[in-house]
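The following block contains a protein sequence and its predicted model.
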Amino acid sequence: MPDKINERSALLTHLIELRRVFVVCGVSVAILFCVIFGFLIDYIMTWLTAPIQARGIEIIYTAMSEALLTKFKVSVIASIIAASPVIIWQIWSFIRPGLYPEEQKKCRYLFLIMLALFLLGVSFCYMVVYSFAVDFFLVQGTGFAAPLLSLDNYIGFLLSFILPFGISFQLPAALYLTTRVGWTDHVMLASKRKYVLLAIFTIAAILTPPDVVSQVALGVPLYALYEIGIQVSRFAEKQQQS
């Protein structure tokens, strides 16, 4: 009976702590949303529409509420990204007590690396790949159609283009984790290259807008990250052996 009471007490403690994590994360996102929507959203919208505005193309909205709802959507996404350090820290504080000191040290670095990889993927897409994609799409209508872009459709296309890059750039970290838990090793990963290549471009076709340029733009860096992941896996094996 005492053991059952202790188990229930421990479970209740974990649930209370988990609720605290959700509350802190939710409040952080809500506060940042108010700040961004109230003071920064116009600057963010200008930055997001810059690739089109720089080409002399005017963006329109076709419904009375479209501009407001688009600003709302962008503010939500921006507030989640801005609150990501708090969210990561709260998740870390929840799982940290169950880890050994050496595991805590490795996970702390891994969280920071994953955040950096996400920001690197988004930045790489926006600054390098996206401008090329915009030029490619605009050229397709030259001579027989003029671009008339809706604000909501444009922002939706932009987000569907750059967010998969942030997610896909987590691949080296994912392969590090799978190697550490014994699911993969660098020899196995290297032997599956041709299957992975097919899977990568299939995933790219699902995650990106339905066009070849977007799929190649995501697939090529993703495969390069897989090759980097093989070396990361080799490094993880050496860590386990030392």
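Happy to help now that I have it. Numbers count the residues shown, from 1 in each chain.

low-confidence ranges in the protein?
1-11, 99, 103, 207-211, 242 (pLDDT under 70).

residue ranges for the strands of it, please.
59-60, 149-150 (DSSP state E).

Can you tell me which of those is packed in deepest?
When the strands of the chain are scored by mean count of other C-beta atoms under 10 Å, the highest mean neighbour count falls to strand 149-150 (a mean of 16). Bear in mind the C-beta positions are built from the backbone N, C-alpha and C, glycine included.

Other residues contacting stretch 19-31?
79-80, 83, 86-87, 90-91, 93-94 (C-beta atoms under 8 Å, 6 or more residues apart in numbering).

so of the residues you listed, which ones are in helices?
Using DSSP state H, the subset of the contacts of stretch 19-31 located in helices is 79-80, 86-87, 90-91, 93-94.

what's the closest of the residues you listed to Ser214?
The shortest approach to Ser214 among those belongs to Ile80, at 23.2 Å (C-beta to C-beta).

just the helices in the protein please.
Using DSSP H, helices in the chain cover 2-35, 41-53, 66-82, 84-95, 101-124, 130-140, 151-168, 171-180, 186-191, 193-207, 212-241.

Mean neighbour count and distance to Ile59 added to these, as a markdown table?
Shown next, in a markdown table, are these (neighbours: other C-beta atoms under 10 Å; distance: least, C-beta to C-beta, whole Å):
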| stretch | mean neighbour count | distance to Ile59 |
| --- | --- | --- |
| helix 2-35 | 12 | 23 |
| helix 41-53 | 15 | 6 |
| helix 66-82 | 17 | 10 |
| helix 84-95 | 15 | 28 |
| helix 101-124 | 15 | 21 |
| helix 130-140 | 15 | 12 |
| helix 151-168 | 18 | 5 |
| helix 171-180 | 20 | 33 |
| helix 186-191 | 15 | 43 |
| helix 193-207 | 14 | 24 |
| helix 212-241 | 17 | 20 |
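
Let me know which of the ones you listed is the nearest to Ile60.
Here helix 151-168 is closest among the helices of the chain (C-beta to C-beta), at 6.9 Å.

Spell out which residues sit in contact with Glu66, please.
Counting by C-beta under 8 Å, 6+ apart, Glu66 has contacts 150-152.

Put together a markdown table for the contacts of stretch 19-31, with distance to Met45 on each row.
Below are those laid out as a markdown table (distance: C-beta to C-beta, whole Å):
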| residue | distance to Met45 |
| --- | --- |
| Ser79 | 14 |
| Ile80 | 17 |
| Ala83 | 20 |
| Val86 | 24 |
| Ile87 | 24 |
| Gln90 | 29 |
| Ile91 | 30 |
| Ser93 | 34 |
| Phe94 | 35 |
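
Between those, which sits nearest Tyr176?
Nearest to Tyr176 out of the contacts of stretch 19-31 is Ile91 (C-beta to C-beta; 17.7 Å).

how much space between the closest one and Ile31?
18 Å (C-beta to C-beta, to the nearest Å).
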